[in-house]
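**Student:** sequence unknown, structure follows:
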């Protein structure tokens, strides 16, 4: 044997074996004289399809613009129907905490506060829980448990909110009142957030039921994002000598953080607008107090509760303006979240190699 | 300085698939050792057994012993401890996209709780210089993300990241297979310079690459180590017919 290293180093391209033989080629493409093949005739006869493509383009544009249309219609309708209170109270409507339909005094601040506070409580409870569930399912769960567990979390999203409300009234509220609230009062009473008297229907129970309702949204999206982090990122961290937690922190959560923020926004969106379950447990009392064990009221709840009994035009106009406010609050929250996402992504692109 | 690796009766499985059969070899310290063989022959599995990455796959199993320096990595230490001493570079560049270039290189040290700014700065600079990337990135170390670099630069960044923790062994699993010829040449130069200080094990599909950078070469086929000898011997006078067939391009 007389191989030389040079022989191996520089293989001439022409030495490469030709895998496709001339015979094989001729079968695929019948060349030569005579009629063009049936396939070629068919393809030549198809034309440019330009019209169909253009039509498709317009149709999709129409779909996209229908979104603008719907939003614009909702906004104008809300503004028109709430003209009375808008012209009477102006911006003061949103900074006034008096809600007195009998005397014709309308201020929306307690409802704005109630909506934001109950949603905040919901996020504080749901986000860590949802991220924890997602970490367990994607990174630590034994295979046989993964399917049932993700199915169960998704099932939570399918339960109608009135059922949540019923469950909250009969199970959650007594449970909180008897067992959880006393502990909170004892341990965290100094913060002023948990103070007696406690009737069970209050801001905290609304927040807890909301947290259960938004948990599946946040966790299923978070799980999706975490699953989509490439395996190579996990291996990169592990190869540096990371423990499992360090791998999850650096290799998974860090890469998924933008998607996680996105899922939290979606959860928040649902919490802000959730109506019936909140109405059943929040206590329906328009007041602004720091105490989470005191009853409150949310924007969606007051519309649902009082619209049918709104006897005069001013009352109705006030409720519709609250609807407008809810619309605007949702837009502002989403805008803030976008800015947050933008601020996070600015330094480093979300792209994962 | 690197350390030698003694592999004894190493077997590995993926599920019921027996991917490595009774591997025995000694990888000398401070040299580059190349592992060649056709796809699926077990060479990647083999290097992944050297830093216990193989077992991160839940269906993977391994038996036998791997002695790195004085430590039997399957008996005397945890995977985390082992991986801190052994650097690994993967087939596809995998920098951390959400981190700056600086943070990418410093990630291994920071992970282990190292916080001294001055030493971190020095280490990042030294590692990037070792990886022949310093001149290209020194002006935007903290501005640019690791993912904003080109493929070849990303791979050198990954090498810098592995070198920053001053490993005793550097494992490279087809480090140049996703790169263009210019980047490949840079990586090979790098291996040539690094091997005096580290024990390097490089898996490659590219036989010329093995011939260029490695002192010793092992030929894997169907999960067995067919031949392990000096690179010169393997490429000029192989002892086994199958090795000869493979390196002359008659199969694989």
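**Tutor:** Perfect, I can see it now. The structure displayed is predicted, hence computed values, not measured ones.
**Student:** just the element for residue B:64, please.
**Tutor:** When secondary structure is defined by DSSP states H and E, residue B:64 falls within strand B:60-68.
**Student:** what's next to that strand, contact-wise?
**Tutor:** By C-beta atoms under 8 Å, 6 or more residues apart in numbering or on different chains, the residues outside strand B:60-68 that reach it are B:3-14, B:22-23, B:49-50, B:54-55, B:72-75, B:82, B:85-86, B:168-169. Any C-beta I mention is one placed from the backbone N, CA and C, and that applies to glycine too.
**Student:** can you pull the pLDDT of residue B:196?
**Tutor:** In this prediction, residue B:196 carries a pLDDT score of 89.
**Student:** kindly report the same for residue A:5.
**Tutor:** Residue A:5 carries a pLDDT value of 43.
**Student:** then residue A:33?
**Tutor:** At residue A:33, the predicted lDDT confidence score is 61.
**Student:** and the one 5 residues further on, by the same measure?
**Tutor:** According to the predicted model, the pLDDT of residue A:38 comes to 89.
**Student:** quick one: it from chain B, how far?
**Tutor:** With the distance defined as C-beta to the nearest C-beta, to the nearest Å, residue A:38 ends up 40 Å from chain B.
**Student:** any idea how far that residue lies from residue A:44?
**Tutor:** Separation of residue A:38 from residue A:44 (C-beta to C-beta, to the nearest Å) stands at 11 Å.
**Student:** now do residue A:331
**Tutor:** Remark: distance between residue A:331 and residue A:44 (C-beta to C-beta) = 54 Å.
**Student:** so if I had to pick from these two, which one is more boxed in?
**Tutor:** residue A:331 (12 against 9; other C-beta atoms under 10 Å in any protein chain shown).
**Student:** surely residue B:123 and residue B:110 touch.
**Tutor:** No. Residue B:123 is beyond contact range of residue B:110, at 10.6 Å (criterion: C-beta atoms under 8 Å).
**Student:** at the contact with chain B, which residues of the stretch 151-300 of chain A appear?
**Tutor:** On the criterion C-beta under 8 Å from any C-beta of the partner chain, chain B has as its neighbours in the stretch 151-300 of chain A the residues A:230, A:232-233, A:235-243, A:246, A:250-251, A:254-255, A:257.
**Student:** SS state for residue B:177?
**Tutor:** coil (DSSP: H, G, I helix; E, B strand; the rest coil).
**Student:** residues contacting it?
**Tutor:** Residues in contact with residue B:177, defined by C-beta under 8 Å, 6+ apart, are B:91, B:204-206.
**Student:** most neighbours among these, please name it.
**Tutor:** Highest count within these by other C-beta under 10 Å belongs to residue B:204, 25 neighbours.
**Student:** skipping adjacent residues, who's closest to that one in space?
**Tutor:** In space, residue B:204 comes closest to residue B:210 once its chain neighbours are excluded; the distance is 5.4 Å by C-beta to C-beta, 6 or more residues apart in numbering or on different chains.
**Student:** same deal with residue B:95?
**Tutor:** Distance criterion C-beta to C-beta, 6+ apart; nearest residue to residue B:95, sequence neighbours excluded, is residue B:146 at 3.2 Å.
**Student:** that neighbour reaches residue B:106, doesn't it?
**Tutor:** No. With contact taken as C-beta under 8 Å, residue B:146 and residue B:106 are classed as non-touching, separated by 11.4 Å.
**Student:** so for these two, which residue has more residues nearby?
**Tutor:** Just comparing residue B:146 and residue B:106: by other C-beta under 10 Å the higher neighbour count belongs to residue B:146, 27 against 23.
**Student:** contact partners of stretch A:86-101?
**Tutor:** With C-beta under 8 Å, 6+ apart as the test, stretch A:86-101 has contacts from A:79, A:85, A:105-112, A:286-288, A:302, A:306, A:310, A:314-315, A:317-318, A:321, A:325.
**Student:** hmm, I typed the wrong one, I wanted stretch B:202-212.
**Tutor:** Residues from elsewhere that reach stretch B:202-212 (C-beta under 8 Å, 6+ apart): A:5, A:8-10, B:32-36, B:39, B:43-44, B:46-47, B:172-177, B:184, B:188, B:191-192, B:213-214, B:217, B:231, B:235, B:247.
**Student:** neighbours around residue A:183, how many?
**Tutor:** Residues near residue A:183, counting by other C-beta under 10 Å: 10.
**Student:** the one helix or strand it maps to: how far from the chain's middle?
**Tutor:** Counting by DSSP H and E, the element that carries residue A:183 is helix A:181-188. Relative to its chain's centre, helix A:181-188 lies at 32 Å (C-alpha atoms, centre = their mean, to the nearest Å).
**Student:** what is the mean pLDDT for it?
**Tutor:** The predicted model assigns helix A:181-188 a mean pLDDT of 91.
**Student:** buried set for whichever helix or strand comes after that helix?
**Tutor:** Per DSSP H and E, the first helix or strand lying C-terminal to helix A:181-188 is helix A:203-228. Neighbour counts over helix A:203-228 (16 or more other C-beta atoms under 10 Å in any protein chain shown) mark A:203-223, A:225-226 as buried.
**Student:** okay, residue 158: pLDDT?
**Tutor:** Picking chain A for this. You'll see residue A:158 listed with a pLDDT of 90.
**Student:** look at chain B instead
**Tutor:** In this model, residue B:158 is scored at 95, pLDDT.
**Student:** re earlier: also within reach of chain A: list those from the contacts of strand B:60-68.
**Tutor:** Applying C-beta under 8 Å from any C-beta, the subset of the contacts of strand B:60-68 adjacent to chain A comprises B:82, B:85-86.
**Student:** okay then, goodbye and thanks.
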